[in-house]
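[1] model this:
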Amino acid sequence: MATKPPRDNELESILEKVRQVRNFDFRNYKRATLQRRIERRMVATRCKTRASYLALLDRDPAEVNTLVSSMLIKLTTFFRDPEVWAAVDKVLKEMVRKRRADQEVRIWSAGCATGEEAYSIAIAAAEAMGTTYPGPELKVFGTDVDEASIAFARRGVYSPQQVEGVSKERLARWFVPSAGGYAVRKEIRRAVVFGVNNLVSDAPVSRIDLILCRNVFIYLDAELQKRVLSRFHFALRRDGALVLGRSELIPFAAKLFEPVDLTRRIYRKDARQEIPLLPHERLAGPLEQAGTQIAVEPPPQKDTQRAFLKDVLDSQPCPILVTSNEGIVTLINQAATRLWSRSENELVGKRLVSLGLPGLSQDLLVEQSARVRAGRSDREVADGLMENSGGETVTIRAQVVALRGSAEHGLLYVAHDVTALRSLEQSLQRANEELHSANARLQTSNEELRASNEELQTTNEELQSTNEELETTNEELQSTNAELDATNRELAHRTQEMDALTFSQRTIIRTLSAGVMVLDPNGRITIWNLAAERLLGLSEREAVGQVLWTLNIPALKRALLVRLRKYLTANRSLRLEDVSYQLPHGGRGRATLVATPLIMETQTLGSVVLFEDTTRLAAVTNENRELKERLKQ
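    A predicted model of the protein is given here:
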């Protein structure tokens, strides 16, 4: 059988930091996936070691939020994987055909990310209902652990790139143009209710006809997969359907669900298996109120009675927690606050299952507590591990009993440090194993056959795990490709703008009446307009690319070019009025020459030289002067 990988203390410290800051528990998620996410953030933040990245998380809580977002891949599109949606359409049509006239169709899109899948299933269900929709008979619940994604989904507005998977007919029928994209029509938005829900720790929505949960299980280990599947089984009505991602082959799903289409991972609830959950753990009420949080207050108590009970609990050496029937912490003693290094204010008034206290397993807080609360068990016990202040691993044995016979009903949790007892139990177990070694040798043949079978099962699990890792990598590559595609579109847009600006600039320069010469920092000509061709006698093809001071231009004397080079090399401007120059047809003309260096901050980009003919202006000026002199005589 495959051996358990060694504990990675640095990785576990990072996950513990995330749990403390954001209350996200990734400890049962697949380690290979988490390692890749953390390594990507290390590269982005230029942290070379995990220790330095952990120090960054301590300094910057915002990086914790960024890490959580990167761990929760939100790659989703409308009507993703057409083959699966074709099969889902058949399930919906059968569901609509069998429902009673007064029965509401209830659908749950679990792990819906930014909402595309929840709206897709709502549109498909509305189309299956035909002319009877819109109406109050359809309700779709979209849930995800990421609050930012749920907030985006509630807006119901998507860019043109995000709706590329929607056909033209559906886009025209179920969407309306909005600023920068498309908005889902009101009749669909009213049918979809979004809320924050953790599939691992929160209770499921109830009375569901169809659950759509794709590409979520590939991130969970076998223990969490079983827990979530149990919640799905409880949430579904009789003959309800479950649709998983095609990359998620879960062998033990057949124990709870009847396979309908294994290729597309579609199952139906096996009504012979019942997984009970307590009614107060359901989320239908809060979700149907558009995600409104309902605060549960502890029942009122007399101050004297509460103080007495607090004194009694504080006198006990073992940690004790008291909760109401709704799971809200109402009392805690000093031993418990010392054990978990939490103040009383941090614990009282909050749901125990959401506090993430180490040593208290989820099974104890949910399933086992449910049995005690319902009276099916007098006491439940579970062991858990935690690290003490010295960094040593200790074993906590917690038991839960019902609190009855008083004005308040609830549960009492008592914790004991049984590290020494567990060590003794392990020693006794080893001794017992040695006593039975003789009998074990007699069963060697049978054990070898069993081991061979287990190795085959392990090989199958490893192959499945490899397939899931490949699917996860593919998800990441698709996400990266989507980002690159968006960047390429932005660059293309910028390029078009630059091309248009360059064309306008060149056109303006070419149409100026003054000769324009633009030089690079080395004096090489980059722009030579039509006026420069006409005044200086060189065509654009002859001038561009040449160094100005090396050209033989009759209009510009060598001394003038030397002076011009001297000024521009020193990044100084030069303006010369009434420059005499030789016209291309052989006559003499007058001109104004202006040379200006182009400097941006401390970088020299080159220079621009303007050569404006003033021959006619000079002639008119002389005529006016001569006329004035004659008038004076």
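[2] can I get the CA coordinates of the helix or strand where V594 lies in CSV?
    Here V594, judged by DSSP states H and E, is contained in strand 588-600. What follows is strand 588-600, C-alpha atoms only, in CSV (Å, rounded to 0.1, in the frame of the first residue of the first chain):
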residue,chain,number,x,y,z
ARG,A,588,19.0,83.4,-53.6
GLY,A,589,16.4,83.3,-50.8
ARG,A,590,16.0,84.3,-47.2
ALA,A,591,14.9,81.9,-44.5
THR,A,592,14.5,81.5,-40.7
LEU,A,593,16.1,78.4,-39.1
VAL,A,594,15.0,77.1,-35.7
ALA,A,595,16.6,74.0,-34.1
THR,A,596,15.2,72.6,-30.8
PRO,A,597,16.5,69.5,-28.9
LEU,A,598,13.8,66.9,-27.8
ILE,A,599,14.4,66.1,-24.1
MET,A,600,12.1,64.0,-22.0
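[3] parallel or antiparallel, which strands does that strand pair with?
    If you go by DSSP bridges, strand 588-600 pairs up with strand 574-582 (antiparallel), strand 603-613 (antiparallel).
[4] could I get those strands as CSV with mean pLDDT, mean neighbour count and distance to R40?
    Every residue, glycine included, has its C-beta placed from N, CA and C. Converted to CSV, the strands paired with strand 588-600 look like this (pLDDT from 0 to 100; neighbours: other CB atoms under 10 Å; distance: least, CB to CB, whole Å):
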stretch, mean pLDDT, mean neighbour count, distance to R40
strand 574-582, 86, 15, 56
strand 603-613, 90, 18, 35
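[5] between those, which one is nearest to V547?
    strand 603-613 (12.2 Å; CB to CB).
[6] dump the closest one to PDB, restricted to CA.
    What follows is strand 603-613 as a C-alpha-only set of coordinates in PDB (Å, rounded to 0.1, in the frame of the first residue of the first chain):
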ATOM      1  CA  GLN A 603      16.700  61.400 -21.800                       C
ATOM      2  CA  THR A 604      17.600  63.000 -25.100                       C
ATOM      3  CA  LEU A 605      15.200  61.700 -27.800                       C
ATOM      4  CA  GLY A 606      16.800  63.800 -30.700                       C
ATOM      5  CA  SER A 607      15.900  67.200 -32.200                       C
ATOM      6  CA  VAL A 608      13.600  68.900 -34.700                       C
ATOM      7  CA  VAL A 609      14.900  71.500 -37.200                       C
ATOM      8  CA  LEU A 610      12.400  74.000 -38.900                       C
ATOM      9  CA  PHE A 611      13.500  75.800 -42.100                       C
ATOM     10  CA  GLU A 612      10.900  78.400 -43.100                       C
ATOM     11  CA  ASP A 613      11.400  80.400 -46.300                       C
END
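[7] can you name the next helix or strand after that strand?
    Once strand 603-613 ends, the next helix or strand along the chain (criterion: DSSP H and E) is helix 615-632.
[8] how about that following helix: buried residues?
    By neighbour count on 16 or more other CB atoms under 10 Å, the buried set for helix 615-632 is T615.
[9] what mean pLDDT does that helix have?
    When pLDDT is averaged over helix 615-632, the result is 81.
[10] so which bits of stretch 417-434 are buried?
    For stretch 417-434, a neighbour-count test (16+ other CB under 10 Å) marks D417, V418, T419 as buried.
[11] could those residues be laid out in CSV, adding distance to I266, pLDDT and secondary structure?
    CSV is the format used below for these (distance: CB to CB, whole Å; pLDDT from 0 to 100; DSSP: H, G, I helix; E, B strand; the rest coil):
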residue, distance to I266, pLDDT, secondary structure
D417, 48, 86, strand
V418, 46, 86, coil
T419, 47, 85, helix
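[12] out of the residues you listed, which comes closest to Q399?
    So of the buried residues of stretch 417-434, ranked by how close each gets to Q399 (CB to CB), first place is V418, at 10.9 Å.
[13] ok, back up a step: closest to M386 out of the strands paired with strand 588-600?
    With CB to CB as the criterion, M386 lies closest to strand 603-613 of the strands paired with strand 588-600, at 60.2 Å.
[14] give me the contact list for that closest one.
    513-521, 526, 531-532, 535-536, 548, 555, 564, 568, 571, 589-599 (CB atoms under 8 Å, 6 or more residues apart in numbering).
[15] may I see the PyMOL selection of the buried members of those?
    Selecting the buried subset of those in PyMOL, with 16+ other CB under 10 Å as the burial test, is done by:
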select buried, resi 514+515+516+517+518+519+531+532+535+536+548+555+564+568+589+590+591+592+593+595+597+598
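[16] coming back round to it: can you list the buried residues of stretch 417-434 in CSV and add distance to L347?
    Shown next, in CSV, are the buried residues of stretch 417-434 (distance: CB to CB, whole Å):
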residue, distance to L347
D417, 19
V418, 22
T419, 23
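[17] out of those, the closest to S230 would be?
    S230 lies nearest to V418 out of those, by CB to CB, at 28.1 Å.
[18] check contacts around the closest one.
    D383, T395, I396, R397.
[19] ranges for the helices of the stretch 51-200 of the chain?
    61-71, 82-98, 116-129, 147-155, 168-174, 186-191 (DSSP state H, counting those that start in this stretch).
[20] got it, and the stretch 351-500 of the chain?
    For the stretch 351-500 of the chain, the helices defined by DSSP H, counting those that start in this stretch occupy 362-363, 369-373, 419-435, 437-442, 444-511.
[21] how about residues contacting the first one?
    In this structure, residues lying in contact with helix 362-363 by CB under 8 Å, 6+ apart are V200, S201, R227, V353, A382.
[22] the nearest residue to the fourth one once chain neighbours are set aside: neighbouring residues, count only.
    Spelled out, it's V353. Excluding its sequence neighbours, the residue lying closest to V353 (CB to CB, 6 or more residues apart in numbering) is L365, at 4.6 Å. Residues lying near L365 (other CB atoms under 10 Å) number 25.
[23] next secondary structure after the lowest-mean-pLDDT helix or strand in the chain?
    For the chain, counting by mean pLDDT, DSSP states H and E, helix 284-288 ranks last in confidence among helices and strands (a mean of 37). Heading C-terminal from helix 284-288, the first helix or strand you meet, by DSSP H and E, is helix 303-314.
[24] next one: that following helix to chain centre, how far?
    Relative to its chain's centre, helix 303-314 lies at 46 Å (CA atoms, centre = their mean, to the nearest Å).
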